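> sequence and computational prediction follow.
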Amino acid sequence: MRPEVDGDDGEEEAYKPPTKRNILEAFRWLMEDLKSGDSTEGMISDNAINDILVKPLIPGVTLHAIVDAFHSGTILDLPWAFCAEKFMTGAMTCLFVRAIWENPDITYQGLLDYMHKEIEKVNRARSPLLKVLQRKIDQEPVLSSSEKFNTNMKFKL
C-alpha cells in the first residue's frame, strides 16, 4: 500500500509480494519527484528496522540480513568515496563472500568459524609498524536468529 497523496482517490493498490523486482520498483517510486533540498529526517534506528523487517516474519520465512557496518557509508555505492579502492568492502563482507565462494557447502557454524579464524590471521600477520599505527581488526562476526536452529545445517541464501 502506498501513502495517500493530494489528489489521490485513496484507493489501495493491489498487494505486491516483496520480490526483488517489486522492492526495486518501490525504491524507484520513493525517488520520483525529488526536489533540491529534499532530505531524510534523521537516522533510521535498528529498532525501526526490526519493527518493519523482523517482527512481521512468520514461521517458515527466512530473512538473511548481511550487515557490515564498518563501511556503511559506501553501502549505496554513492559516487564519492574517500580512500576508495576499485572494490571496497568491509572486513566482514569480504570474509563472508570469501567463505561462501571457497566453501559452497558451508554450514552456519562453519561460516562463523571461518570468519573468526581469518580475522585472527590478519591480526597476527600485521607488521610491528602497523600494530603501532593501527588498531587490530576488532570486529566480531555474529549470527542472530528469530528462532533457535541447528547451526550445523548447510548455510542457504
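Good, I have the coordinates. Residues are numbered from 1 along each chain as shown.
> please save the CA atoms from the helix ranked longest in the chain in PDB.
Counting by DSSP state H, the longest helix found in the chain is helix 108-125. Extracted C-alpha coordinates of helix 108-125, given in PDB (Å, rounded to 0.1, in the frame of the first residue of the first chain):
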ATOM      1  CA  TYR A 108      26.200 -21.600   9.500                       C
ATOM      2  CA  GLN A 109      28.700 -22.600  12.200                       C
ATOM      3  CA  GLY A 110      31.400 -23.200   9.600                       C
ATOM      4  CA  LEU A 111      30.800 -19.700   8.300                       C
ATOM      5  CA  LEU A 112      31.300 -18.100  11.700                       C
ATOM      6  CA  ASP A 113      34.400 -20.300  12.400                       C
ATOM      7  CA  TYR A 114      35.900 -19.300   9.000                       C
ATOM      8  CA  MET A 115      35.400 -15.600   9.600                       C
ATOM      9  CA  HIS A 116      36.800 -15.800  13.200                       C
ATOM     10  CA  LYS A 117      39.900 -17.600  12.000                       C
ATOM     11  CA  GLU A 118      40.500 -15.300   9.100                       C
ATOM     12  CA  ILE A 119      40.300 -12.200  11.400                       C
ATOM     13  CA  GLU A 120      42.800 -13.800  13.800                       C
ATOM     14  CA  LYS A 121      45.200 -14.500  10.900                       C
ATOM     15  CA  VAL A 122      45.000 -10.900   9.800                       C
ATOM     16  CA  ASN A 123      45.600  -9.600  13.300                       C
ATOM     17  CA  ARG A 124      48.700 -11.900  13.800                       C
ATOM     18  CA  ALA A 125      50.200 -11.100  10.400                       C
END
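> so residue 141 makes contact with residue 94?
No - between residue 141 and residue 94 there is no contact under CB atoms under 8 Å: 11.6 Å. For glycine as for every other residue, the C-beta is placed from the backbone atoms N, C-alpha and C.
> hey, C-alpha coordinates of stretch 92-106 in CSV?
Output in CSV follows, covering the C-alpha atoms of stretch 92-106 (Å, rounded to 0.1, in the frame of the first residue of the first chain):
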residue,chain,number,x,y,z
MET,A,92,33.1,-8.8,7.4
THR,A,93,31.7,-8.6,3.9
CYS,A,94,35.0,-9.6,2.4
LEU,A,95,35.3,-12.7,4.7
PHE,A,96,31.6,-13.6,4.2
VAL,A,97,31.9,-13.6,0.4
ARG,A,98,35.2,-15.5,0.5
ALA,A,99,33.8,-18.1,2.9
ILE,A,100,30.8,-18.8,0.7
TRP,A,101,32.9,-18.8,-2.5
GLU,A,102,35.5,-21.2,-1.2
ASN,A,103,33.1,-23.5,0.6
PRO,A,104,29.8,-23.8,-1.2
ASP,A,105,28.5,-26.4,1.3
ILE,A,106,29.5,-24.4,4.4
